[in-house]
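>>> Requesting a structural model of the entry that follows:
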Amino acid sequence: MLIILDRDGVINEYDGNYICSVDDWQPIPGSIEAMARLYKAGHRIAIATNQSGIARDFYGTDILAGMHEKMTQLLEPLGGRIEFIAYCPHHPDDGCGCRKPLTGLLKQIRDHLQLNTLKGAIMVGDSRKDLEAGVAEDCQPVLVRTGNGKDTEHHLKTRPIPSAKVAIYDHLSAFTDAFLSGSGLEKSI
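Numbers count the residues shown, from 1 in each chain. Predicted coordinates for the structure are as follows:
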């Protein structure tokens, strides 16, 4: 199964401020190990991440590549692998089609992995825009409470995503535990 992860707030620490250097990119405890466990259990891993800090000149694509290289260097010794990273470098006002909640990043993943559809894939995020992008491409939405997740959970209680049952976990590792144990995606809004 394909598992698509948002990056900031799901894999790495995120407090709402831009992560502008490789040193500032720090994984959430257990997230790298969770990714490795998913991959070793036979699941494909891809990442879909908005990175408007590039358009805002906070950092360049070389710094972003360094962050992703750091993530890969932490993951591979544990037996994990990311098959594709799709990122949106645009400013929110640019009107691109790739910035979540639009689905361009997910379509890039679908095309790169040579899939006909993303139906049945899982989209794990910490924000409404992650979940909405996943739902629009027929993915099962999963919210983690790290990053912006607690605020997102609060808002979903009063304004749920239409036609979507969102599973909620404390962090990526908790989702992985439940998913790999076969207990499914039962916690939901």
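>>> quick one, strands of the protein?
For the chain, the strands defined by DSSP state E cover 2-5, 44-50, 84-88, 122-125, 140-144, 167-169.
>>> which intervals of the protein have sub-threshold pLDDT?
Within the chain, the segments meeting pLDDT under 70 span 184-189.
>>> report the longest helix in it, please.
helix 61-75 (DSSP state H).
>>> so what does that helix touch, helix or strand wise?
helix 31-40 (3 or more CB pairs under 8 Å, 6 or more residues apart in numbering; DSSP states H and E). C-beta: built from backbone N, CA, C; applies to glycine.
>>> and residue 69, how many neighbours?
11 (other CB atoms under 10 Å).
>>> now it: how far from residue 63?
As for residue 69, its distance to residue 63 is 10 Å (criterion: CB to CB, to the nearest Å).
>>> which one of the strands of the chain lies closest to residue 97?
Taking CB to CB as the criterion, strand 84-88 is the member of the strands of the chain that comes nearest to residue 97, at 9.2 Å.
>>> and the closest one, C-alpha only, in PDB?
Extracted in PDB, the C-alpha atoms of strand 84-88 (Å, rounded to 0.1, in the frame of the first residue of the first chain):
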ATOM      1  CA  PHE A  84       9.500   9.900  -4.200                       C
ATOM      2  CA  ILE A  85       9.400  13.400  -2.600                       C
ATOM      3  CA  ALA A  86       7.000  15.900  -4.300                       C
ATOM      4  CA  TYR A  87       7.300  19.500  -3.100                       C
ATOM      5  CA  CYS A  88       5.600  22.800  -4.000                       C
END
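>>> Name the residues contacting each of residue 69 and residue 63.
residue 22 (CB atoms under 8 Å, 6 or more residues apart in numbering).
>>> hmm, back to that, kindly present the strands of the chain as CSV, with separate columns for distance to residue 183 and mean neighbour count.
CSV is the format used below for these (distance: least, CB to CB, whole Å; neighbours: other CB atoms under 10 Å):
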stretch, distance to residue 183, mean neighbour count
strand 2-5, 16, 24
strand 44-50, 20, 23
strand 84-88, 28, 20
strand 122-125, 14, 28
strand 140-144, 13, 27
strand 167-169, 11, 20
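>>> Turn the ones you listed into TSV, including distance to residue 36.
Formatted as TSV, these follow (distance: least, CB to CB, whole Å):
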stretch	distance to residue 36
strand 2-5	12
strand 44-50	9
strand 84-88	16
strand 122-125	15
strand 140-144	17
strand 167-169	17
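>>> Out of the ones you listed, which is closest to residue 75?
Among the strands of the chain, the nearest to residue 75 by CB to CB is strand 44-50 (8.7 Å).
>>> And that closest one, what does it pack against?
strand 2-5, helix 31-40, strand 84-88, helix 104-112, helix 128-136.
>>> strands paired with that strand, and their directions?
strand 2-5 (parallel), strand 84-88 (parallel) (DSSP bridges).
>>> gap between the shortest one and the chain center?
In this case it means strand 2-5. Centroid separation between strand 2-5 and its chain, computed with CA atoms, centre = their mean, to the nearest Å, is 7 Å.
>>> Good, wrapping up.
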